[in-house]
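# structure of the sequence below:
(chains A and B)
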Amino acid sequence: MNVVVCVKQVPEVTDAELEINKEGIGILKEDLEFDINEWDNYAVEEAVRIKEAHGGKVIVITLGDEDSEDVLRVALAMGADEAIRIDEEAFELSDAAGIAQGLYHVIRDLSFDLLLTGAQSSDYGWGQVGPILAELLGLPYASLVVGIEIDEGKMIVHRELESNTQEKVEIPLPAVLTIQTGINNPRYVSIMGIQKVRKIEIKETDSGELGLSEEEIGLMGSCVASQELSLPAVGEGAKILTGSLNEICEKTAQIIRDKAGVI
Amino acid sequence: MDDILVLAEHRNGELRDITFEMLTLANKLSRENNLAVTALFLGHEVSDLSERLKCACDRVILMEDPELANYSADPYLMAMETVIKDRKPMLTMIGHTAIGMDLAPAMTARLALPLVTDCVEVTLEDGRLKVLREIYGGKINAQLAMKPSDQYLISLRTGSFAAEAEQGKSGNVETVPAPAWTNLKGRRFLGYLEAELEDVDIEAADILVSIGRGIGKPENIPLAQDFADSIGATLACSRPVADEEWLPKSRQVGTSGKTVRPKIYIALGISGAYQHQVGMKNADTIIAVNTDPRAPIFNIAHYGIVADLLKVLPLLREEFVKK
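Numbers count the residues shown, from 1 in each chain, chains lettered A, B, ... in the order given. Next up is the predicted model:
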């Protein structure tokens, strides 16, 4: 089983105060930490587990700048065997279809049984790349996958639906799956682990080498004409409790008593 | 004909709420732009269900076939392709749901039509589509103006548009034949899975103490449990905690978990992604504790505490234990 995994480097925004750049089309990234997209991390772990159970190799691909090699190194340390980076330069302001085109032009020349992507990314969250790749490659696919069993040229996968429900789907190989968080417990990668894979060469390519024209990718290839970013208006929102922590907790306790009746 | 086409969503013989949310939005756009609204119903032996759509659109297109009985990507793609090529709707609307997230991206590739996913606001002006999306976990809004196109595809976020019960329409049902299934790639629907056996029912609790990523590690969960015990609350969680298997999936609040409506919902270290908000925003009183003052949870909470939940929990528990 050869497994290809698409990964993406994203900024960590959970506790960050985000600022919008002066053009209004992106966020300021200087002070942000970057990491592998959470969904992709689960996809890499799943790919490595499949390799461990069935043999074969794992190839990871990213479309990003030089710094995004970090996420490829993380994937290699987790157990991936080969890594490819597509330089993002000509892909700036691509829509999801443009990104998928870049990945497709690399993946179509690879020999694989299974292609995994994260179900979505934590930055723009289009959630499109996996199924678009499947359609371009002419392969069956399933999205939002939370369980995979492989059996003789086919898979039984569990898709996550709404309201604590899953569906069971059969899919022949080769196929494309988009991975939902929680499918496994991704292994921890130490700095030592990353050191060990330092010498693995990362193959590099770009839009020119892949024969992609300007019309297919970047702003020209995008279905979006323009975008304007803004910070969400702070509405009514919460009444923020103030004072010392003790005072805040006293107030909170009073609120709980009032709203719950007797405790 | 210039049309808005809405893909009706149903599961196990029931229409999903998103169907009427989309139809309400479609009718608003149709009033503003003088367009007709068509609901597309794909299924098998569902004509009685399709009747329920008539009051919310100008026309129902009903396509029935055993292949369409339960959602599956291949036949749905072929059916959508057939109808869209035939009717050429200006705007095709799909839910940003487990169905839409599966179907819409493959449609954009197959039909070479522009797609915007996960829209929370949608406007049409002179045939140009503008949408609002939330990015970076809801911390940034992105207003997108789409390039000119004769046809657009969008997926609409659940709960972003309130469904109106009375839409004053009375559409007719037009039955169309299913296409020959020539392009199926072998994916087969096998069945729905029962949810795991539950230890407690968080939907029945009056007070929920709900923990998120901010709890940090499983060793901290007893702190939250002790506090919950002190006020007679039940412990719930957001997605990351269930993903890590620190609490069972049956305790998860949100789109893929449970929808709850307790008297009090205390969100500890939960940033408030929309998938979580959908599951708890109708609680009578929401109290949120988070270190990040910009966390989206504070937009829907009634009371907010900007602090470390690990410092708050012992003090809060004392308030109830000492008295």
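# biggest strand in chain A by residues?
Counting by DSSP state E, the longest strand found in chain A is strand A:141-151.
# immediately after that strand, which helix or strand?
Later in the chain than strand A:141-151, the nearest helix or strand by DSSP states H and E is strand A:154-160.
# what does that next one contact?
A:114, A:142-149, A:166-173, A:175, A:177, A:180, B:98, B:102, B:190, B:193, B:256 (CB atoms under 8 Å, 6 or more residues apart in numbering or on different chains). Yep, even glycine has a C-beta here, placed from its N, CA and C like the rest.
# partner strands of that strand, parallel or antiparallel?
strand A:141-151 (antiparallel), strand A:166-172 (antiparallel) (DSSP bridges).
# that strand: which residues count as buried?
A:Lys154, A:Met155, A:Val157, A:His158, A:Arg159, A:Glu160 (16 or more other CB atoms under 10 Å in any protein chain shown).
# quick one: mean pLDDT over it.
The average pLDDT within strand A:154-160 is 97.
# with stretch B:181-190 instead?
Here the average pLDDT along stretch B:181-190 is 95.
# with mean pLDDT and mean neighbour count as extra columns, can I get the strands paired with strand A:154-160 in JSON lines?
Listed next are the strands paired with strand A:154-160 as JSON lines, based on pLDDT from 0 to 100; neighbours: other CB atoms under 10 Å in any protein chain shown:
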{"stretch": "strand A:141-151", "mean pLDDT": "97", "mean neighbour count": "21"}
{"stretch": "strand A:166-172", "mean pLDDT": "97", "mean neighbour count": "20"}
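# for those strands, which one sits closest to A:Gly125?
A:Gly125 lies closest to strand A:141-151 among these, at 13.5 Å (CB to CB).
# can you name the residues in contact with that closest one?
Identification of contacts with strand A:141-151 by CB under 8 Å, 6+ apart yields A:1, A:46, A:50, A:53-54, A:119, A:127, A:130-131, A:134-135, A:155-161, A:166, A:169, A:171, A:173, A:175-180, A:182-183, B:73, B:98, B:101-102, B:106, B:187.
# please, a PyMOL command that selects the buried ones among the residues you listed?
In PyMOL syntax, the buried subset of those is picked out as below (16+ other CB under 10 Å):
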select buried, (chain A and resi 1+46+50+119+127+130+131+134+135+155+157+158+159+160+161+166+169+171+173+175+176+177+178+179+180+182+183) or (chain B and resi 73+98+101+102+106+187)
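# out of the contacts of strand A:141-151, which are inside strands?
A:155-160, A:166, A:169, A:171, A:175-179.
# check the residues you listed and tell me the two furthest apart.
Distance extremes for the ones in strands among the contacts of strand A:141-151: the farthest pair is A:Gln166 and A:Val176 at 19.0 Å, using CB to CB.
# what's the closest residue to chain A within the stretch 1-150 of chain B sitting at in phi/psi?
In the stretch 1-150 of chain B, no residue comes nearer to chain A than B:Pro114, which is 3.2 Å away by CB to the nearest CB. Here is the backbone geometry of B:Pro114 (degrees, to the nearest 10): phi -70, psi 140.
# likewise the one 5 residues further on?
The phi/psi pair for B:Cys119 (degrees, to the nearest 10) reads phi -80, psi 140.
# quick one: it from B:Met90, how far?
Distance of B:Cys119 to B:Met90, given as CB to CB, to the nearest Å: 16 Å.
# where along chain A do the helices fall?
A:38-54, A:69-78, A:96-107, A:129-137, A:191-196, A:218-221, A:245-260 (DSSP state H).
# could you list the domains of chain B?
Domain ranges of chain B: B:3-176, B:202-321, per automatic domain parsing.
# need the winner for burial among those domains.
Looking across those with neighbours counted as mean count of other CB atoms under 10 Å in any protein chain shown, the highest average goes to domain B:202-321: a mean of 21.
# end-to-end on that domain?
Distance across domain B:202-321, first residue to last, is 23 Å (CA to CA, to the nearest Å).
# one step back: most tightly packed of the helices of chain A?
By mean count of other CB under 10 Å, these have helix A:129-137 as the most buried, with a mean of 26.
# elements contacting it?
When contacts are defined as 3 or more CB pairs under 8 Å, 6 or more residues apart in numbering or on different chains; DSSP states H and E, helix A:129-137 packs onto strand A:3-7, helix A:96-107, strand A:114-118, strand A:141-151, strand A:175-179, helix B:100-111.
# let's see it at 7 Å
Secondary-structure packing of helix A:129-137 (3 or more CB pairs under 7 Å, 6 or more residues apart in numbering or on different chains; DSSP states H and E): helix A:96-107, strand A:114-118, strand A:141-151, strand A:175-179, helix B:100-111.
# right, and these - which one's nearest A:Asn21?
With distances scored as CB to CB, the stretch of the helices and strands packed on helix A:129-137 nearest to A:Asn21 is helix A:96-107 (20.4 Å).
# A:Pro172 - nearest residue in space that isn't next to it in sequence?
Spatial nearest neighbour of A:Pro172, chain neighbours left out: B:Gly186 (4.2 Å); criterion: CB to CB, 6 or more residues apart in numbering or on different chains.
# can you verify my assumption that that neighbour contacts A:Val169?
No: counting by CB atoms under 7 Å, B:Gly186 stays clear of A:Val169, with 10.5 Å between them.
# sorry, back to before: tell me which of the helices of chain A lies nearest to B:Gly212.
Among those, helix A:38-54 sits nearest to B:Gly212 (CB to CB), with 14.0 Å.
# tell me which residues are up against the closest one.
A:1, A:3, A:5, A:7-8, A:57-58, A:60, A:75, A:78-80, A:114, A:116-122, A:148, A:150, A:179, A:181, A:183-184, A:186-187 (CB atoms under 7 Å, 6 or more residues apart in numbering or on different chains).
# so for it, what's the average pLDDT?
For helix A:38-54, mean pLDDT is 98.
# what angle do that helix and helix A:129-137 make?
With axes from the mean of the first three to the mean of the last three CA atoms, to 10 degrees defining the directions, helix A:38-54 sits at 60 degrees from helix A:129-137.
# how far out from the middle of the chain is helix A:38-54?
13 Å (CA atoms, centre = their mean, to the nearest Å).
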